[in-house]
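Engineer: can't give you the sequence, but here's the structure:
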């Protein structure tokens, strides 16, 4: 699990061009949206594409996305339970 | 009575350097990529605007030129119209968006897709400086002050705007050709096709 979380942090920083953020800044429980990392709606779409491309998970329900993308920890938990690749 | 308009401030970014109102802000290193050069200009500007890193090269270039002009001639919440132009439209982002679509496993990036229009550069400047003004992005074969000058003056004469930020923005991985200037009723350089052409020639 810790490898997956590390991998996720690296992918999120690269994919979302978070140039001022380091892996150390991104804690497992840092909120990804709102007052945490401050991601926006386009970033949310990028995360959906990332889940699909990297882990074979198709996220169709927006309500589900809200919970999945709360933190690195919730994303990792969801990927572990649902990944197809 | 015909009003006299002037070029109050300008910013030029080329493959060699960024110059604003005659002052060299930063020189590009010979082996530096366009992307890295723009990031270094951003750092030099001491601006804190993390969204900059998400922009495509066209928006980054336009954003930076406007940023340096605004440091001298505040654009924030003013009635400044935007009138930009180029030849390649959003070609660099269009290509980046199209490439993964034609691969075996098609996947387009939403963050790339949002930049597949040149007028997004106007939007980024408007968001940054809270402008609710007239804006237009034109496509020409080449830098065309013959069109920019009368359009800018029309906007000012009809009181559609108090100032106009106009110019040319071409940016891709190999090329930077940016010239943005502020038209106002203040300033020492007359707003003429000849003066604009001469300022654009600065390399």
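Structural biologist: Great, that's in hand. This one's a predicted model, so the numbers in the text were calculated from it and none came from an experiment.

Engineer: C-alpha from now on. contacts and neighbour counts both.
Structural biologist: Fine.

Engineer: contact residues of chain B facing chain A?
Structural biologist: Proximity of chain B to chain A, by C-alpha under 8 Å from any C-alpha of the partner chain, involves residues B:50, B:53, B:54, B:107, B:109, B:110, B:111.

Engineer: and the last one, what does it touch?
Structural biologist: This points to residue B:111. A:42, A:43, A:46, B:54 (C-alpha atoms under 8 Å, 6 or more residues apart in numbering or on different chains).

Engineer: can we see that at 7 Å?
Structural biologist: By C-alpha atoms under 7 Å, 6 or more residues apart in numbering or on different chains, the residues touching residue B:111 are A:42, A:46.

Engineer: wait, which of the residues of chain B next to chain A is closest to residue B:124?
Structural biologist: residue B:54 (11.0 Å; C-alpha to C-alpha).

Engineer: spatially, which residue comes closest to that closest one, not counting chain neighbours?
Structural biologist: residue A:17 (5.7 Å; C-alpha to C-alpha, 6 or more residues apart in numbering or on different chains).

Engineer: show me what the least confident helix or strand in chain A by mean pLDDT is packed up against.
Structural biologist: For chain A, using mean pLDDT, DSSP states H and E, the weakest element among its helices and strands is helix A:62-68, scoring a mean of 86. With contacts taken as 3 or more C-alpha pairs under 7 Å, 6 or more residues apart in numbering or on different chains; DSSP states H and E, helix A:62-68 sits against helix A:72-82.

Engineer: kindly check the end-to-end length of stretch B:114-133 for me.
Structural biologist: Stretch B:114-133 has an end-to-end distance of 21 Å (C-alpha to C-alpha, to the nearest Å).

Engineer: buried residues in it, which are they?
Structural biologist: Buried positions in stretch B:114-133, judged by neighbour count with 16 or more other C-alpha atoms under 10 Å in any protein chain shown: B:115-116, B:118-126, B:128-129, B:131, B:133.

Engineer: tell me how many other residues surround the closest residue to residue B:3 other than its chain neighbours.
Structural biologist: Closest residue in space to residue B:3, ignoring its immediate chain neighbours: residue B:157 at 7.6 Å, by C-alpha to C-alpha, 6+ apart. The number of residues packed near residue B:157 is 15, by other C-alpha atoms under 10 Å in any protein chain shown.

Engineer: which regions of chain B sit below the pLDDT cut-off?
Structural biologist: B:1, B:105 (pLDDT under 70).

Engineer: report the secondary structure state of the residue of chain B positioned farthest from its centre.
Structural biologist: Note on chain B: the largest C-alpha distance from the chain mean falls to residue B:104, namely 36.3 Å (C-alpha atoms, centre = their mean). Look at residue B:104: counting by DSSP: H, G, I helix; E, B strand; the rest coil, its state is coil.

Engineer: for the residues of chain B next to chain A, work out which two are farthest apart.
Structural biologist: B:50 and B:107 (25.5 Å).

Engineer: who's more crowded, the two?
Structural biologist: residue B:107 (17 against 13).

Engineer: ok, now which ones touch the more buried one?
Structural biologist: Counting by C-alpha under 7 Å, 6+ apart, residue B:107 has contacts B:100, B:101.

Engineer: one more pass at 10 Å, please.
Structural biologist: Residue B:107 is in contact with A:49, A:50, A:52, A:53, B:97, B:98, B:99, B:100, B:101, counting by C-alpha atoms under 10 Å, 6 or more residues apart in numbering or on different chains.

Engineer: quick one: the helices in chain A, in order.
Structural biologist: Secondary structure of chain A by DSSP state H: the helices cover A:2-15, A:41-55, A:62-68, A:72-82.

Engineer: run through who's touching the second one.
Structural biologist: The set of residues external to helix A:41-55 that reach it, using C-alpha under 10 Å, 6+ apart, is A:8, A:11-12, A:15-17, A:32-33, A:40, A:56-60, A:65-66, A:69, A:75, A:78-80, A:82-85, B:54, B:105-114.

Engineer: fine, thanks again, bye for now.
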